[in-house]
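Undergrad: A structural model of the following input is requested.
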Amino acid sequence: MMMKKYKPIIILAWLVALATPLTLQARVHEFMLDNGLKILVKPDHRSPVVVSQIWYKVGSSYEHNGITGISHMLEHMMFKGTPDIPSGEFSKIIAANGGRENAFTSADYTAYFQRLEKSRLETSFKLEADRMRNALFPADEFLKERDVVAEERRLRTEDKPQSRAYEQFKAAAFVSSPYHHSVIGWMSDILNYQVEDAREWYRKWYAPNNATLVVVGDVQPAEVLALAKKYYGPVKPEKIATQKPRPEIPQTGERRTRVAIPATIDYLMMGYKVPSLNTTDDDWKVYALEVLAWVLDGGRSSRFSKELVREQQLVASTSVSYDLYSRLQTLFTLTAVPAKGKTTEEVETALRQQIKRVREELVSDDEIQRVKTQILTSRIYERDSVFYQAMELGILETVGIGWRADEVFNEKIKAVTAEQVQAVAKEFLDSNRLTVTILDPLSMETQKDKVAKAKH
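TA: Predicted coordinates:
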């Protein structure tokens, strides 16, 4: 029997429609302990697992010159033990309970997580509540870990040309904003950390009234709350420092930088200053920017992939990134690697033509509907992961937007019009808000000559 062929867009729309009742059933339960710890619980009974995440409102955007990267350094030190748990035992205990754990630091937050069989949630709470205020900072362990972080920077940033170029790109784009420096920090700061820097940072920010506990999985909210009261409840709050505003100074013209380092490929970065949901004067603009990002780079059917990669064969790869959930003003970033035989100048011209097009022409009804469907469908697939569900709640709450923004996202995206997409392109994708960085590869021979000359 011949199967009937359906257009992909119809199948995607069908998936979106099916997902709506499931979304409504997955209700988030919010609690607050007397010590200020906020708790978010989202039951998901599809499998007998639970993800527990503790989020702290501190990251590299809270730091100042001289201690850049200290939030990331502190993340490393949180595994060095407490008076009750020896160094390294935290991870061993979680593993012995069949779980997985780790941590991550960003510009806007630091988070620690465990994924366990649901009956082992108590183990997670006991360990995390203990190190929330009782972490030890042995001087010898600190010095060893400082070397580890320095080596991590060498491997992940300094020895990777695109990472080095991106770091310089961000530093050029942001002058007064704390997004100026990278999460891992400058090497000179890392090498000069003192153990007291980490202790003071820990005392200042790691407290229940500066944290959110997120639990998603096969749990009952009342039981999670009871466990949280038992282990987190006795933890003392701290007077949290008030952050002084550090807004980015208005940009009044295009900025250009060139990064000439040993590399094998050219790389182009273009970033426009744009608002996040936290900093916008009207939230429809943020959702319109999200749709615009997908119009340009939303898979094989997007404009960049279809026209620049396949049709013109101008670029080997390209991407558009925009984070509407940033704590501060952010960037709408375009990156591209030229195809063999093509130059960054040719690629930049093509990208600027694409930007000019969305500023001058309305996106068609068919295209904007397809893009909206792709966005909503991607969220369905993401929610198949309990870890991702917890991640989104944690990010929204920690950056100050509030987890309820997740509940209105779909409707906000559906409401975006072609006229709004054009409007944000005109307002924000303007050359006066643009920073361009080009990675201009040096040959190894050229680099050797430069090093030799520097020694004389």
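Undergrad: ok, Trp186 - contacts?
TA: Trp186 makes contact with Thr68, Gly69, according to CB atoms under 8 Å, 6 or more residues apart in numbering. Every C-beta, even on glycine, is put in place using the N, C-alpha and C of the backbone.
Undergrad: measure it to Glu63 for me?
TA: Separation of Trp186 from Glu63 (CB to CB, to the nearest Å): 10 Å.
Undergrad: Give me the common contacts of those two.
TA: Joint contacts of Trp186 and Glu63 (CB under 8 Å, 6+ apart) are Gly69.
Undergrad: Near Glu427, how many other residues are there?
TA: Using other CB atoms under 10 Å, the number of residues around Glu427 comes to 15.
Undergrad: same deal with Phe79?
TA: So Phe79, with other CB under 10 Å, has 20 neighbours.
Undergrad: mind checking the SS state of it?
TA: Secondary structure assignment for Phe79 (DSSP: H, G, I helix; E, B strand; the rest coil): coil.
Undergrad: check contacts around the closest residue to it other than its chain neighbours.
TA: Spatial nearest neighbour of Phe79, excluding adjacent residues (CB to CB, 6 or more residues apart in numbering): Phe90 at 5.7 Å. Shown in contact with Phe90 (CB under 8 Å, 6+ apart): Phe79, Gly81, Glu101, Leu127, Arg131.
Undergrad: Greatest separation within the residues you listed: which pair is it?
TA: The largest distance within the contacts of Phe90, taken as CB to CB, falls between Gly81 and Glu101 and amounts to 14.9 Å.
Undergrad: Can you show me the strands along the stretch 51-200 of the chain?
TA: Residue ranges of the strands in the stretch 51-200 of the chain, as given by DSSP state E, counting those that start in this stretch, are 100-105, 110-117.
Undergrad: Mind giving me the packing neighbours of the shortest one?
TA: The one in question is strand 100-105. In terms of contacts (3 or more CB pairs under 8 Å, 6 or more residues apart in numbering; DSSP states H and E), strand 100-105 is packed against helix 70-77, helix 89-96, strand 110-117.
Undergrad: Equivalent analysis for the last one, please.
TA: Counting contacts by 3+ CB pairs under 8 Å, 6+ apart, strand 110-117 packs against strand 49-56, helix 70-77, strand 100-105, helix 121-134, helix 386-398.
Undergrad: quick one: contacts for the residue nearest the centre of the chain?
TA: Residue closest to the average C-alpha location in the chain (CA atoms, centre = their mean): Ser106, at 6.5 Å. Contact analysis of Ser106 by CB under 8 Å, 6+ apart lists Gly59, Ser60, Val183.
Undergrad: Go through the strands of the stretch 51-200 of the chain and pick out the most buried.
TA: strand 110-117 (a mean of 22; mean count of other CB atoms under 10 Å).
Undergrad: ok and that one relative to strand 100-105, angle-wise?
TA: Interaxial angle of strand 110-117 relative to strand 100-105 (axes from the mean of the first three to the mean of the last three CA atoms, to 10 degrees): 160 degrees.
Undergrad: now strand 110-117: mean pLDDT?
TA: Averaging pLDDT along strand 110-117 yields 98.
Undergrad: For that strand, which outside residues touch it?
TA: 48-56, 58-59, 71-72, 74-75, 78, 94, 97-104, 123-124, 128, 387, 390, 394, 398.
Undergrad: what's the offset of it from the middle of its chain?
TA: 17 Å (CA atoms, centre = their mean, to the nearest Å).
Undergrad: and the angle from it to strand 49-56?
TA: 170 degrees.
Undergrad: Quick check: Thr82 vs Trp205, distance?
TA: On the measure of CB to CB, Thr82 and Trp205 end up 17 Å apart.
Undergrad: ok, now how distant is the residue nearest to Phe79 from Leu74?
TA: Separation of Phe90 from Leu74 (CB to CB) stands at 15 Å.
Undergrad: re earlier: for Tyr166, find the nearest of the strands of the stretch 51-200 of the chain.
TA: Closest to Tyr166 of these is strand 100-105 (CB to CB; 17.0 Å).
Undergrad: Could I have the CA atoms of that closest one written out in PDB?
TA: Provided in PDB are the C-alpha atoms of strand 100-105 (Å, rounded to 0.1, in the frame of the first residue of the first chain):
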ATOM      1  CA  ARG A 100      25.900  11.500  37.900                       C
ATOM      2  CA  GLU A 101      26.900  15.000  39.000                       C
ATOM      3  CA  ASN A 102      28.700  18.100  37.800                       C
ATOM      4  CA  ALA A 103      28.600  21.900  37.800                       C
ATOM      5  CA  PHE A 104      28.900  24.800  35.400                       C
ATOM      6  CA  THR A 105      29.600  28.500  35.600                       C
END
